[in-house]
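[1] sequence first, then the predicted structure:
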Amino acid sequence: SPLDLKEIHDFLISLALKAGDIITNALPDTGGTGSKKNSADLVTEYDRAVENMISTSLREKYPHYEYVCEVGSSTPEILMCVFPHQSRFHGEESYDPTRPLTDAPTFVVDPIDGTVNFVHSFPFACVSLGFAVDRVPTVGVVYNPFTQNLYSAIRGQGAFLNRQTRLPLKGDNVEPLSGLGNALIGVEWGSDRSGNNWETKLRTLERLGQSKENGGAMVRSMRSLGSAALNLCAVADGTLDLYWEGGCWAWDVCAGWVILTEAGGIVVDGNPGGWETCLDGRKYLAVRAAPDQRGQREIVEEFWGHMQGML
Ligand code: LIP
């Protein structure tokens, strides 16, 4: 049977609101959290609890689906649900590297995007619920329970803030993209603080910020919101002009991606030349809506031209 995207969208919204209650009632502590690969890559009991609630609720909603693995209660374990039409679940805390994203319809879920913010009570964290078909982000729900901003979109049907306000916030009156010099850009520290990715980021950020006399782009400023999904939503609503990231994962970007593209924005590769990019490419450059596509492409080229190395 054909996928009922509206039903999936509405169900994901109900799960996002439930997840929001868990997140706002939580009492995370900065010292007692678990780390994954290093002290900047955190996981809390709440990340696991939210992911468990989401996967369990999906099973209750779709009892005919065949679930082949279970998520563990204390350690992130594998959850892979094989639906009759090969749908799958791809969640941050239950990710199994031997089971990469496929073309099958897949729920791509980050239970708490912005875990560092969450642990420090910095109010930029969200639940990010995406649904991809043929690896194309198709349904997206991003909910920040601290600001109570709910972003959602279905491919081909527009993007909305709090279910009513169409994005981008300026509607058809979006301003032209008049070059990096006038841009506010979202960038992230990420959790890889060594190696090529880190070097490329640092040198590129230096060049982006530097004065024009010294060869830089002298962007207006850069922001680190601490959540890929919220960066993408900020580009979607028009409060950021661009967002650039190397190192995050499909679950960080799937939901925000469809919200952004439905709001008239574009996502290309974080490295020069990649006009066609993919959901699990792990490097992304997002640009807000503009009156013409040429403006979007020009600012991408300008950005790529300032990059110092490849991610
Ligand atoms: C985080 C991202 C953040 C990125 C980090 C990390 P988490 O997700 O959203 O923007 O820079 O590398 O992936 O770990 O909070 O879900």
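    Yep, it's here. Numbering: from 1, shown residues only.
[2] hey, let's count contacts and neighbours off CA atoms from now on
    Fine.
[3] tell me which parts of the stretch 151-300 of the chain are close to the ligand?
    By the rule C-alpha under 6 Å from any ligand atom, the part of the stretch 151-300 of the chain lying against the ligand is 188-191, 226-228, 247-248, 252.
[4] 5 Å instead?
    Contact residues (C-alpha under 5 Å from any ligand atom) of the stretch 151-300 of the chain with the ligand: 188, 190-191, 226-228, 248.
[5] so can I have CSV of those showing distance to Arg135 and pLDDT?
    As requested, these are arranged in CSV below (distance: C-alpha to C-alpha, whole Å; pLDDT from 0 to 100):
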residue, distance to Arg135, pLDDT
Glu188, 24, 98
Gly190, 24, 94
Ser191, 25, 92
Gly226, 25, 98
Ser227, 21, 98
Ala228, 18, 98
Cys248, 16, 92
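[6] nearest to Val174, out of those: which one, please.
    Ala228 (22.6 Å; C-alpha to C-alpha).
[7] hmm, Val253 and that closest one touching each other?
    Yes - with contact defined as C-alpha atoms under 8 Å, Ala228 counts as touching Val253 (6.2 Å).
[8] separation between Thr44 and Val116?
    Distance, Thr44 to Val116, by C-alpha to C-alpha, to the nearest Å: 10 Å.
[9] more neighbours, these two?
    Taking other C-alpha atoms under 10 Å, Thr44 and Val116 do not tie; Val116 has more neighbours (22 against 19).
[10] so what's that one up against?
    When contacts are counted by C-alpha atoms under 8 Å, 6 or more residues apart in numbering, Val116 touches 40-42, 226.
[11] try 10 Å this time
    The contact partners of Val116, taken as C-alpha atoms under 10 Å, 6 or more residues apart in numbering, are 30, 33, 39-44, 122, 124-125, 226-227.
[12] can you tell me how far it sits from Ala19?
    Val116 is 17 Å from Ala19, by C-alpha to C-alpha.
[13] using PDB, write down the CA coordinates of stretch 165-180.
    Extracted as PDB, the C-alpha positions of stretch 165-180 are listed here (Å, rounded to 0.1, in the frame of the first residue of the first chain):
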ATOM      1  CA  THR A 165       3.100  29.600   9.900                       C
ATOM      2  CA  ARG A 166       4.600  28.900   6.500                       C
ATOM      3  CA  LEU A 167       8.400  29.100   6.100                       C
ATOM      4  CA  PRO A 168      10.400  31.000   5.400                       C
ATOM      5  CA  LEU A 169       9.100  33.600   7.900                       C
ATOM      6  CA  LYS A 170       9.400  36.400   5.400                       C
ATOM      7  CA  GLY A 171       7.200  34.500   2.900                       C
ATOM      8  CA  ASP A 172       7.800  35.600  -0.700                       C
ATOM      9  CA  ASN A 173       9.600  38.800   0.500                       C
ATOM     10  CA  VAL A 174      12.900  37.100   1.200                       C
ATOM     11  CA  GLU A 175      15.900  39.300   0.600                       C
ATOM     12  CA  PRO A 176      18.400  38.500  -2.200                       C
ATOM     13  CA  LEU A 177      21.600  36.800  -1.000                       C
ATOM     14  CA  SER A 178      24.100  39.600  -1.500                       C
ATOM     15  CA  GLY A 179      27.300  37.700  -0.800                       C
ATOM     16  CA  LEU A 180      29.100  36.200   2.200                       C
END
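[14] now that stretch: buried residues?
    Residues of stretch 165-180 classed as buried under the neighbour-count rule (16 or more other C-alpha atoms under 10 Å) are 166-169, 177, 179-180.
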